[in-house]
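A.B. asks: What shape does this take:
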Amino acid sequence: MNEYKSTKLFDGYSTAFRQWRAEHSHCKFLHGYAMKFKVTFTGRLDELNWVCDFGSFKRNGIKEHMSHMFDHTTIVAKDDPYLKHFQDLHNSDLVQLRIMDDVGCEKFAEYVFKLINDQIKIETNGRVSVHKVQCWEHEDNMAEYSE
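C.D. replies: Okay, here's the model as predicted:
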């Protein structure tokens, strides 16, 4: 049976984060990017000759969740030694804080992969899965996750 691929771009996310373990780098400081995620799907075509119905991301809440996590947010790792300070900023309504196990483009790509892959498998009864997710922080830097 033929396998096809299609790609959906999720972009326009202004996200700030820091990689507190990067003592050797300016990445230890809070900084932000205009993030985008390029999600590639693989699977068989449906009755409309589509791999993936891109409209499903609005219907199933993926687009809303992506905005909740990455649009005008500050993301820190759950073990960041300054987590309490970030929580205070959140409680003062100065940042929209999101806490993840780990931060960085690699971990953001993995997060989006798992989020969308689980949903698309349900939506398509296993006909489609996520092939890979690329997380771009700008046109020069990208990380990719696949399983």
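
A.B. asks: which ones are touching the residue most central in space within the chain?
C.D. replies: Against the mean C-alpha coordinate of the chain, by C-alpha atoms, centre = their mean, the closest residue is residue 112 at 3.8 Å. By C-beta atoms under 8 Å, 6 or more residues apart in numbering, the residues touching residue 112 are 10, 37, 39, 66, 133, 135, 145. In short, each C-beta sits where N, CA and C put it, glycine included.

A.B. asks: And the furthest pair within those residues?
C.D. replies: 66 and 145 (15.2 Å; C-beta to C-beta).

A.B. asks: any idea how far the residue nearest to the centre of the chain lies from residue 86?
C.D. replies: Distance, residue 112 to residue 86, using C-beta to C-beta, to the nearest Å: 22 Å.

A.B. asks: what does residue 31 give?
C.D. replies: Taken as C-beta to C-beta, the span from residue 31 to residue 86 is 14 Å.

A.B. asks: which one of these two has more residues nearby?
C.D. replies: residue 86 (20 against 13; other C-beta atoms under 10 Å).

A.B. asks: Buried residues of the host helix or strand of that one, list them for me.
C.D. replies: Using DSSP states H and E, residue 86 maps to helix 83-91. Neighbour-count burial for helix 83-91 flags 86, 90 (criterion: 16 or more other C-beta atoms under 10 Å).

A.B. asks: Now find how far off-centre the helix or strand of the chain with the lowest mean pLDDT is within its chain.
C.D. replies: Within the chain, no helix or strand scores below helix 56-59, which has a mean of 88 by mean pLDDT, DSSP states H and E. The chain centre lies 16 Å from the centre of helix 56-59; the measure is C-alpha atoms, centre = their mean, to the nearest Å.

A.B. asks: If you count neighbours, what's buried in that helix?
C.D. replies: Along helix 56-59, these residues count as buried under the neighbour rule (16+ other C-beta under 10 Å): 56-57.
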